[in-house]
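>>> Below: sequence and its predicted model.
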Amino acid sequence: MQNFIFNNPTKIIFGKGEEKNVVNELKGEKVLLHYSNSSLKSGLVDSVKQILSENSIAYVELGGVVPNPRLLKIREGVTLAKEEAVTFILAIGGGSVIDSAKAIALGIPDDGDLWDFFTRKRTPEKATPLGVILTIASAGSESSNSCVVRNEEENTKRGVNTDVFRPRFAILNPELTYSVPKNQMTAGIADIYMHTLDRYFTNEKDCYVTDGIAETILKTVLKYAFTAINEENYESRANIMWAGSLSHNTITGLGRPFDFSVHAMERGISGSYDSIHAFGLTALWIHWALYTYKENVMRFAKYANSVLGIEMNFENPEETALEGIFATGDFFESLELPTTLKDMELEADEARIEEISNFAFVPGTTEIGTFFKLNKEDVKNILRKSFEGDL
């Protein structure tokens with residue numbers, strides 16, 4: 001186990017009706033309400049506005065956030081917040097809204113080009129504080145130190161990791177997920193599973209506690225996914241929502257390096273096609289797994305046994321590892337999630353595969369991942385397999 005520092009200052013406020021107490025966290029602030037159309041249509045935004053008005057908390061608002069949050073909308077938010085002397089941002093929605101709010105939070109105290117933070121030309125040093133009312137169990141952005149946005153002018157997606165914009169608080173009421181469409185719940189569950197898998201696959205030994213946390217989150221998703229997607233079931237939604245926060249607040253990767261190569265490759269897909277992020281993750285994972293599993297067969301066999309309940313074949317652990325990889329694909333398919341990019345009806349010639357592969361790498365780097373370090377040719381090989389639909 002490697003040395004680590006775990007510092008997550010986000011205050012989690014969990015349970016039924018807790019969004020009504022948001023005023024306790026906003027006293028004395030000038031608030032920017034930032035939200036998506038779905039949160040507006042559900043009536044949640046109007047409810048929050050009424051609560052703020054009744055408690056004399058000043059606010060301005062900016063809606064219209066879409067999946068793969070847009071840089072132009074973020075710039076609009078920065079300009080509005082500066083003009084209105086905003087002191088706090090309240091994100092009402094899911095991962096896209098929260099990531100958009102985080103990016104705005106970086107831009108408010110800064111006079112340079114916000115995109116510089118995403119291209120690693122500058123490092124963020126401060127941010128306007130923000131909080132979250134979460135409406136979907138998904139990205140875990142409500143307590144994470146990461147933010148990913150899409151530059152629609154360049155058709156690219158880039159991310160920033162920094163503790164300066166971790167939310168001050170996050171309100172998690174599972175009942176607020178009842179208005180979320182089935183396909184969004186499905187995508188959210190896939191995101192939770194993939195956030196955990198991208199931390200679970202490691203060559204670092206003796207991380208028993210961290211392994212146990214990650215395995216429990218994965219088993220929670222397996223246990224509750226179907227009822228959470230198909231029913232307004234509080235127990236299922238509550239467990240999935242809490243699993244989502246834990247999956248991405250770094251706790252499932254403590255003491256070991258994060259891999260996140262599947263996420264890195266997917267940025268090129270949703271950046272180029274403006275497709276659903278979680279669908280791209282599940283469409284790439286099996287191809288990544290089949291490409292890399294021989295690096296550490298026992299790790300894949302442990303996942304198959306400890307998470308999926310597949311009996312360990314000690315004489316031939318590779319058989320167990322492969323069974324676990326394909327069982328994961330079966331789980332994705334049972335949720336009507338894609339397991340190849342062909343399933344998403346996406347096509348790419350060699351020129352586009354070359355372009356997409358470039359987006360996987362942080363500027364100035366030539367490798368991604370830690371479990372198995374992938375170079376550009378590796379990435380292109382995985383992308384080709386997924387576009388072809390071969391397993």
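Sure thing, it's come through. Numbers count the residues shown, from 1 in each chain.

>>> Okay, Gln50 and Glu154: tell me how far apart.
Going from Gln50 to Glu154 by Cβ to Cβ, to the nearest Å gives 40 Å. C-betas here are computed from N, CA, C, even on glycine.

>>> cool, Glu323 as well?
Shown here: Glu323 relative to Glu154, a distance of 41 Å by Cβ to Cβ.

>>> List the contacts of Ile189.
Residues touching Ile189, when contacts are defined by Cβ atoms under 8 Å, 6 or more residues apart in numbering, comprise 137-138, 221, 225, 228-229, 240, 335.

>>> Among these, which ones are in strands?
Within the contacts of Ile189, membership in strands is found for no residue, as judged by DSSP state E.

>>> which one of those residues is nearest Leu40?
The shortest approach to Leu40 among the contacts of Ile189 belongs to Ser138, at 18.3 Å (Cβ to Cβ).

>>> If we ignore the residues flanking it in sequence, what's nearest that closest one?
Among residues not flanking Ser138 along the chain, Gly188 sits closest, at 3.1 Å (Cβ to Cβ, 6 or more residues apart in numbering).

>>> quick check, the one you found in a strand?
No. In this structure, Gly188 is helix, not part of a strand, as judged by DSSP: H, G, I helix; E, B strand; the rest coil.

>>> What's the PyMOL syntax to select whichever of the contacts of Ile189 are buried?
To isolate the buried members of the contacts of Ile189 in PyMOL, using 16 or more other Cβ atoms under 10 Å:
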select buried, resi 137+138+221+225+228+229+240+335
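
>>> Now do the same for the spatially closest residue to Val362 that is not a sequence neighbour: its pLDDT.
If you skip the residues right next to it in sequence, Val362 has Arg120 as its closest partner in space, 6.0 Å away by Cβ to Cβ, 6+ apart. If you check Arg120, the pLDDT there is 90.

>>> what kind of secondary structure is Arg120 in?
coil.

>>> Show me the contact partners of stretch 4-16.
Applying Cβ under 8 Å, 6+ apart, the external contacts of stretch 4-16 come out as 21, 25, 142-143, 163, 166-175, 234, 242, 245, 249-251, 254-255.

>>> As CSV, could you dump the C-alpha coordinates of that stretch?
These are the backbone C-alpha positions of stretch 4-16, laid out as CSV (Å, rounded to 0.1, in the frame of the first residue of the first chain):
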residue,chain,number,x,y,z
PHE,A,4,-1.8,8.7,0.8
ILE,A,5,-3.6,11.7,2.1
PHE,A,6,-7.4,11.5,2.3
ASN,A,7,-9.1,14.9,2.8
ASN,A,8,-12.7,15.2,1.6
PRO,A,9,-14.2,18.3,3.2
THR,A,10,-17.6,18.0,1.5
LYS,A,11,-20.5,17.9,4.0
ILE,A,12,-23.0,15.2,3.0
ILE,A,13,-26.6,15.9,4.0
PHE,A,14,-28.5,12.7,3.2
GLY,A,15,-32.2,11.9,3.3
LYS,A,16,-35.8,12.7,2.5
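
>>> Report the buried residues of it.
Per 16+ other Cβ under 10 Å, stretch 4-16 contains these buried residues: 10, 12-13.

>>> Could I get the full set of helices for the stretch 251-391 of the chain?
With DSSP state H, counting those that start in this stretch, the ranges of helices along the stretch 251-391 of the chain come out as 261-273, 277-292, 297-306, 317-334, 350-359, 376-388.

>>> got it, and the stretch 51-200 of the chain?
Secondary structure of the stretch 51-200 of the chain (DSSP H, counting those that start in this stretch): helices located at 71-83, 95-107, 115-118, 182-200.

>>> how far does the third one sit from the chain's center?
Pointing back at helix 115-118 there. Between the mean C-alpha location of helix 115-118 and the chain-wide mean there is a distance of 19 Å, by Cα atoms, centre = their mean, to the nearest Å.

>>> on that earlier part again, which stretch among the helices of the stretch 251-391 of the chain approaches Val209 most closely?
With Cβ to Cβ as the measure, helix 297-306 is the member of these nearest Val209 (13.7 Å).

>>> ok, and what's touching that closest one?
200-203, 211, 215, 289, 293, 310-313, 317-318, 320-325, 327, 371.

>>> now with 6 Å?
215, 293, 310, 312, 317-318, 320-321, 323-324 (Cβ atoms under 6 Å, 6 or more residues apart in numbering).

>>> Can you turn the buried part of those residues into a ChimeraX selection?
Buried residues within the contacts of helix 297-306, by 16+ other Cβ under 10 Å, are selected in ChimeraX with:
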select :215,293,310,317,320,321,323,324
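
>>> Go through the contacts of helix 297-306 and name the one nearest Leu40.
Nearest to Leu40 among the contacts of helix 297-306, counting by Cβ to Cβ, is Glu215 at 38.1 Å.

>>> Please look at that closest one and Thr252 and confirm they touch.
No. With contacts defined as Cβ atoms under 6 Å, Glu215 does not count as touching Thr252, sitting 9.3 Å away.

>>> give me phi/psi at the residue lying closest to Thr292 once chain neighbours are set aside?
Computed as Cβ to Cβ, 6+ apart, the closest residue to Thr292 that is not its neighbour in sequence is Phe372, at 3.9 Å. Per-residue torsions, Phe372: phi -140, psi 110 (degrees, to the nearest 10).

>>> What's the separation between the residue of the chain most remote from its centre and Val297?
Summary for the chain: using Cα atoms, centre = their mean, the residue whose C-alpha lies farthest from the chain's mean C-alpha position is Glu315, with a distance of 37.4 Å. When distance is defined by Cβ to Cβ, Glu315 is 13 Å away from Val297.

>>> Perfect, I'm done here.
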